[in-house]
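Student: sequence plus the predicted model coming up.
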Amino acid sequence: MSNRLKSLLYYTLTRLLLAPLMLWLIASLVFVLMRATPGDPVDVILGPKAPAAVKAALRSQLGLSGSWWSQYMEYMNNMLHLDLGKSIAARGQSVGKIILDFFPATAELAVYSLIVALVVGLTVGTIAALRPNTAWDVGGRLFGIITYSLPLFWVGMLLQLILSVQLGWFPIGTRFPVTLTPPDRITGFFTIDSIVHTDFQLFWTSLHYLALPAISLGVVISGIFERIVRVNLRQTLQSDYVEAAKARGITPRAILFNHALRNAMIPVITVLGLTFAALLGGAVLTEVTFSWPGLANRLFEALVSRDYPVVQGIVVFFALIVVVVSISIDLLNAWVDPRIRY
């Protein structure tokens with residue numbers, strides 16, 4: 001076994017051993033913050049004017065009557081048994097089922113938003129890098145700065161106002177029309193399930209409803225990729241091996257795609273993990289803005305209703321996804337670039 005493979009396996013094993021510690025810290029932090037912030041789930045359910053005896057009975061029924069320490073130990077014990085608890089607002093519905101029901105909508109939105117971000121960011125960044133010190137370059141830099149700084153909810157509302165309300169090109173505030181039956185669930189992705197059932201009318205309908213939220217989130221995130229590609233591709237095009245390729249008579253197109261762009265993509269792969277975490281955070285604002293029935297929107301509703309188990313379960317689930325994606329991106333990066341050592 002080579003030294004590079006040994007170091008990679010050691011790094012992977014270390015990250016996997018540290019993952020439970022990070023998840024425990026996140027779960028503990030969310031547990032404390034939910035109970036330290038103002039608001040009581042019993043008041044949300046019964047109202048602030050309900051009799052004290054009724055409140056005490058409901059609090060005992062929900063497992064909120066004990067001390068913070070006893071509640072924390074019970075929560076950690078359930079976590080060790082892979083039990084995320086039951087919703088307070090939904091009266092007994094398991095948090096695991098809530099995640100299973102709502103996560104496919106968020107995952108589908110995140111995947112298509114990432115595709116939009118990559119296509120837009122790589123295209124604008126490549127054009128800007130190929131035309132340095134021109135209007136294209138200035139426009140690319142402005143695009144990266146503006147999209148990175150725009151408030152996501154404002155972009156969503158602006159696109160809704162223009163493209164949906166005024167022009168009528170896209171629907172507002174749902175994932176699928178109420179007049180149609182969604183495709184039978186296989187993956188939970190309406191677009192994929194429609195293709196599996198060979199129903200292309202449902203595919204185009206689901207894609208039509210998905211387009212505007214995905215464009216809103218994708219365009220805002222695309223500025224990150226644009227800036228990375230523009231800077232790294234410009235440096236790569238000025239490197240010695242590119243000049244040597246030009247001297248050998250290799251066509252500019254072959255140099256761009258076979259040499260320069262491939263090396264410039266290495267930092268993009270590195271940033272993908274961090275971008276995915278930002279994507280999950282942005283999904284909350286996007287889903288709330290577009291009333292998208294995903295897990296991020298369900299998290300927002302749970303925060304409003306002070307549904308402790310749902311908030312804790314969804315946040316830990318999102319953290320687990322970020323950990324898995326981060327480790328996967330590191331391994332992919334090491335596979336793409338043999339120079340990387342861990």
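Tutor: Right, received. Where do you want to start?
Student: so which helix or strand takes in the residue nearest in space to the middle of the chain?
Tutor: When the chain is reduced to its mean C-alpha position, the closest residue under CA atoms, centre = their mean turns out to be L280, at 2.6 Å. In this assignment (DSSP states H and E), L280 forms part of helix 261-290.
Student: with adjacent residues omitted, what lies nearest to the residue nearest to the centre of the chain?
Tutor: Beyond its immediate neighbours in the sequence, the residue positioned closest to L280 (CB to CB, 6 or more residues apart in numbering) is F318, lying 5.3 Å away. C-beta: built from backbone N, CA, C; applies to glycine.
Student: neighbours of that neighbour, just the number please.
Tutor: 22 (other CB atoms under 10 Å).
Student: per-residue confidence for it?
Tutor: F318 carries a pLDDT score of 86 in this model.
Student: for L299, see how far away it is.
Tutor: To L299, F318 is 8 Å away according to CB to CB, to the nearest Å.
Student: what of A56?
Tutor: 29 Å.
Student: compare the two (neighbour count), which wins?
Tutor: Higher neighbour count among A56 and L299: L299, with 26 against 12, using other CB under 10 Å.
Student: where's that one relative to I215, distance?
Tutor: Counting by CB to CB, the gap from L299 to I215 is 22 Å.
Student: the stretch 201-342 of the chain: helices as residue ranges?
Tutor: Along the stretch 201-342 of the chain, the stretches classed as helices by DSSP state H, counting those that start in this stretch are 240-247, 252-255, 261-290, 295-304, 308-336.
Student: average pLDDT for the shortest one?
Tutor: Put plainly, it is helix 252-255. The average pLDDT for helix 252-255 rounds to 71.
Student: packing partners of it?
Tutor: Other elements packing on helix 252-255 under the criterion 3 or more CB pairs under 8 Å, 6 or more residues apart in numbering; DSSP states H and E are helix 240-247.
Student: and stretch 74-87, how far apart are its ends?
Tutor: From its first residue to its last, stretch 74-87 covers 15 Å (CA to CA, to the nearest Å).
Student: ignore what I typed, I meant stretch 79-99.
Tutor: As for stretch 79-99, its first-to-last residue distance stands at 15 Å under the measure CA to CA.
Student: and that stretch, average pLDDT?
Tutor: The average pLDDT for stretch 79-99 rounds to 83.
Student: run through who's touching it.
Tutor: Stretch 79-99 has contacts (CB atoms under 8 Å, 6 or more residues apart in numbering) with 27, 41, 44-45, 62, 75, 78, 295, 298, 301-302, 305-310, 312-314, 316-317.
Student: so how many other residues sit close to H81?
Tutor: By other CB under 10 Å, 8 other residues sit near H81.
Student: try the one 3 residues further on
Tutor: Using other CB under 10 Å, L84 has 23 neighbouring residues.
Student: follow-up on the earlier one: now, of the contacts of stretch 79-99, which are buried?
Tutor: With burial judged by 16 or more other CB atoms under 10 Å, the buried subset of the contacts of stretch 79-99 is 27, 41, 45, 62, 75, 78, 295, 298, 302, 305-310, 312-314, 316-317.
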